[in-house]
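# Sequence first, then the predicted structure, then my questions.
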Amino acid sequence: MSSFACSLSYTIDEQTIHMEVRNGQLWCMEFDSSATMVLFLQQVKKQSIGWQSTLPQSINIQIVPYEITHAEEKTFYYQQRYHATENDDVISVREFIGQPNQVIPSLLQQSILHNRLDEPITCLSTGEFKIACLLKAFRPASKIIFFEELFAGLDAANRTLVIQFLHILKQTLQTCIIATTIRPYETSLFDRYIKIHSSNPQNQNFFYPDSLKNLFCKRSHHDFQYAFKLSNIQVKYNDRFILRNISWTVKKGEKWALRGKNGSGKSTLLSLINADHPQSYINDITLFDQPRTYGQNIWDIKENIGFFSHEFFRFFDKSKTVADTVFSIVNSHPYKPSTNLQMLDEKLSILMDYFGIPIHKKHQAVYHLSPAQQRLSILLGIVLKEAPLLILDEPYHHFDLPTIKKFNHLLDHFHNPCTLIFVSHDENDFPSCIQHHFYLS
């Protein structure tokens with residue numbers, strides 16, 4: 001394979017980013033603003049369609065976003081991986097990745113996917129699916145590959161392994177690999193590490209408006225002692241255990257961090273609590289002091305839980321406007337009267353202003369927003385639901401530090417009466433109110 005070197009120049013956010021790239025390099029571009037990163041990648045997409053004079057036509061640029069495609073939305077559905085009989089016709093992990101290069105099979109054997117190659121792609125956890133997407137992305141024709149938020153959702157061991165993979169692949173494919181991120185990493189792990197600062201950095205000393213104080217008015221009037229009790233939980237498919245002998249008790253008002261490696265079963269455990277998993281009814285689960293039994297109304301269970309996961313986000317209908325999205329989450333129970341929509345609309349306006357989302361976007365379809373604002377739209381509906389149990393599974397992908405601080409401020413000071421379960425692989429994500437830790441091995 002022939003070597004290459006070229007100059008890439010992008011003007012973004014009133015500043016020019018100039019890069020001298022060549023094959024066999026691993027770059028990391030750290031942005032302090034998710035909005036700036038999105039604008040930068042949009043510039044890259046434009047230039048990858050219309051070649052610039054500084055970019056030889058023989059150099060092919062590829063951008064790898066970590067998101068569900070329109071085709072996948074039509075093929076797959078929410079919580080499909082928990083229904084064993086619904087995955088028979090789904091392609092396997094091996095088929096999904098393919099074998100574009102002789103190095104990929106050996107890298108697979110080193111990854112957490114090595115014993116799951118013949119399973120349906122829908123059965124992978126969030127972190128496992130991300131690694132599958134990474135290995136699928138490599139093609140000999142791609143000379144410059146941009147990975148968008150490559151490390152979000154990966155535990156420390158898999159972040160290290162991914163970087164090792166990238167160092168091998170950049171040499172094997174004679175490729176320049178560029179990871180864009182808003183999460184800082186050890187600079188010595190990369191050949192080039194640059195930080196892109198927003199020309200209008202957000203003030204780190206946030207102003208918290210008085211209107212936030214009256215935003216959540218329901219408080220915790222629910223009468224229960226335990227948010228949930230799980231006793232000797234087991235989940236398995238054929239002879240493979242996903243969870244085995246798991247017991248966990250969470251009292252009303254407690255704040256927990258759920259921790260574990262990629263593929264340890266965190267999302268599966270939470271799906272049992274949220275009644276998304278069909279095996280929740282064969283396990284010993286008590287929710288709000290009431291045993292889980294057959295015949296329970298699924299809407300009554302979900303009404304008192306505010307639930308967010310990456311999978312929930314992926315399959316949420318983003319053709320709705322921001323306002324309709326929030327209203328549908330808050331008023332999710334089809335057999336109970338709706339919350340006052342005017343009051344809810346006013347609260348939504350307060351939160352949009354708080355997070356710096358222009359009010360006019362309230363009436364835009366969610367898919368028109370940036371990735372961070374899309375997640376925020378759904379999260380705002382979840383917190384405004386004011387459910388007594390709040391479960392946030394990796395909520396902060398694409399969030400920059402100011403946005404994380406603002407959302408955690410809500411959890412720490414204004415949404416405090418609820419019971420909270422929070423999942424993340426990044427220590428900087430956890431709100432300060434966390435009191436307890438539960439580990440899945």
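Looks like it came in fine. Numbers count the residues shown, from 1 in each chain.
# Check which helix or strand residue 301 maps to.
helix 298-303 (DSSP states H and E).
# pLDDT averaged over that helix, what's the number?
For helix 298-303, mean pLDDT rounds to 87.
# Please spell out which residues along it are buried.
By 16 or more other C-beta atoms under 10 Å, the buried positions in helix 298-303 come out as 301-303. The way it works is simple: take the backbone N, C-alpha and C, and place the C-beta from them, glycine included.
# List the contacts of that helix.
Residues outside helix 298-303 that contact it (C-beta atoms under 8 Å, 6 or more residues apart in numbering): 274-275, 287, 292, 332-336, 387.
# from the residues you listed, which would you call buried?
With burial judged by 16+ other C-beta under 10 Å, the buried subset of these is 274-275, 287, 292, 332, 387.
# how about residue 212, phi and psi?
Main-chain torsions, residue 212, degrees, to the nearest 10: phi -70, psi -30.
# What residue, apart from its backbone neighbours, is nearest it spatially?
Counting by C-beta to C-beta, 6 or more residues apart in numbering, the nearest residue to residue 212 once its immediate chain neighbours are dropped is residue 414, at 5.6 Å.
# Helix or strand for residue 193, just tell me which one.
Using DSSP H and E, residue 193 falls in strand 192-196.
# typed the wrong thing, it's residue 154
For residue 154, there is no helix or strand it lies in under DSSP H and E.
# Which residue is the nearest non-sequential neighbour of it?
Using C-beta to C-beta, 6+ apart, the closest residue to residue 154 is residue 127 (5.3 Å).
# Output the strand or helix carrying that neighbour as CSV, restricted to C-alpha atoms.
Per DSSP H and E, residue 127 falls inside helix 126-137. Coordinates of the C-alpha atoms in helix 126-137 are reproduced here as CSV (Å, rounded to 0.1, in the frame of the first residue of the first chain):
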residue,chain,number,x,y,z
THR,A,126,-24.0,-1.1,24.4
GLY,A,127,-20.2,-1.4,24.8
GLU,A,128,-20.0,-4.7,22.9
PHE,A,129,-21.9,-3.2,20.0
LYS,A,130,-19.6,-0.2,19.9
ILE,A,131,-16.5,-2.5,19.5
ALA,A,132,-18.3,-4.4,16.8
CYS,A,133,-19.0,-1.1,15.0
LEU,A,134,-15.4,-0.1,15.3
LEU,A,135,-14.1,-3.4,13.8
LYS,A,136,-16.7,-3.3,11.0
ALA,A,137,-15.6,0.3,10.0
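# and the helix or strand just after that helix, how far out from the chain's middle?
For helix 126-137, the following helix or strand on the C-terminal side (DSSP H and E) is strand 144-148. For strand 144-148, the separation from the chain centroid amounts to 18 Å (computed by C-alpha atoms, centre = their mean, to the nearest Å).
# what's the average pLDDT for the helix or strand just after strand 144-148?
Beyond strand 144-148 on the C-terminal side, the first helix or strand identified by DSSP H and E is helix 156-172. For helix 156-172, mean pLDDT is 89.
# ok, and for helix 156-172, which residues are buried?
Per 16+ other C-beta under 10 Å, helix 156-172 contains these buried residues: 158-159, 161-163, 165-167, 169-170, 172.
# can you check stretch 400-407 too?
For stretch 400-407, the buried set under the neighbour-count rule, 16+ other C-beta under 10 Å, comprises 400-404, 406-407.
# closest to residue 264 among those?
residue 404 (23.5 Å; C-beta to C-beta).
# so the closest one sits right up against residue 398, yeah?
No: the pair residue 404 / residue 398 is not scored as a contact, 10.6 Å apart, by C-beta atoms under 8 Å.
# Which parts of the protein are helices?
With helices called from DSSP state H, the chain shows them at 34-49, 70-75, 93-97, 104-110, 126-137, 156-172, 266-273, 298-303, 310-315, 322-330, 341-354, 371-384, 401-409.
# Which of those comes out lowest on mean pLDDT?
helix 70-75 (a mean of 54).
# Identify each buried residue in stretch 216-236, please.
216, 222, 224, 226-230, 233, 235.
# if we can go back for a sec, now for the helix holding residue 127, which elements pack on it?
Judged by 3 or more C-beta pairs under 8 Å, 6 or more residues apart in numbering; DSSP states H and E, helix 126-137 is in contact with strand 61-64, helix 93-97, helix 104-110, strand 144-148, helix 156-172.
# The nearest residue to residue 316 once chain neighbours are set aside: neighbour count?
Nearest residue to residue 316 in three dimensions, chain neighbours excluded: residue 378, at 5.9 Å (C-beta to C-beta, 6+ apart). Around residue 378 there are 19 other residues, counting by other C-beta atoms under 10 Å.
# and if you look at residue 46?
Residue 46 - counted by other C-beta under 10 Å - has 11 other residues nearby.
# that older thread, out of the buried residues of stretch 400-407, which is nearest to residue 249?
residue 407 (27.1 Å).
# My read is that the closest one contacts residue 399, right?
Yes: assessed by C-beta under 8 Å, residue 407 is found in contact with residue 399 at 7.3 Å.
# how many other residues sit next to the residue nearest to residue 65 when sequence neighbours are not counted?
Leaving aside its chain neighbours, residue 65 sits nearest to residue 148 (4.7 Å; criterion: C-beta to C-beta, 6+ apart). Residue 148 is flanked by 19 other residues according to other C-beta under 10 Å.
# now residue 148: how far from residue 422?
Counting by C-beta to C-beta, to the nearest Å, the gap from residue 148 to residue 422 is 24 Å.
# What of residue 92?
To residue 422, residue 92 is 33 Å away according to C-beta to C-beta.
# One more: residue 382?
13 Å.
# which residues do the two both contact?
Common contacts of residue 382 and residue 422 (C-beta under 8 Å, 6+ apart): residue 392.
# which regions of the stretch 101-250 of the chain lie under the pLDDT threshold?
101-102, 140, 200-208, 217-221 (pLDDT under 70).
# Can you tell me which of the buried residues of helix 298-303 lies closest to residue 342?
The closest of these, once distances to residue 342 are taken by C-beta to C-beta, is residue 303, at 21.3 Å.
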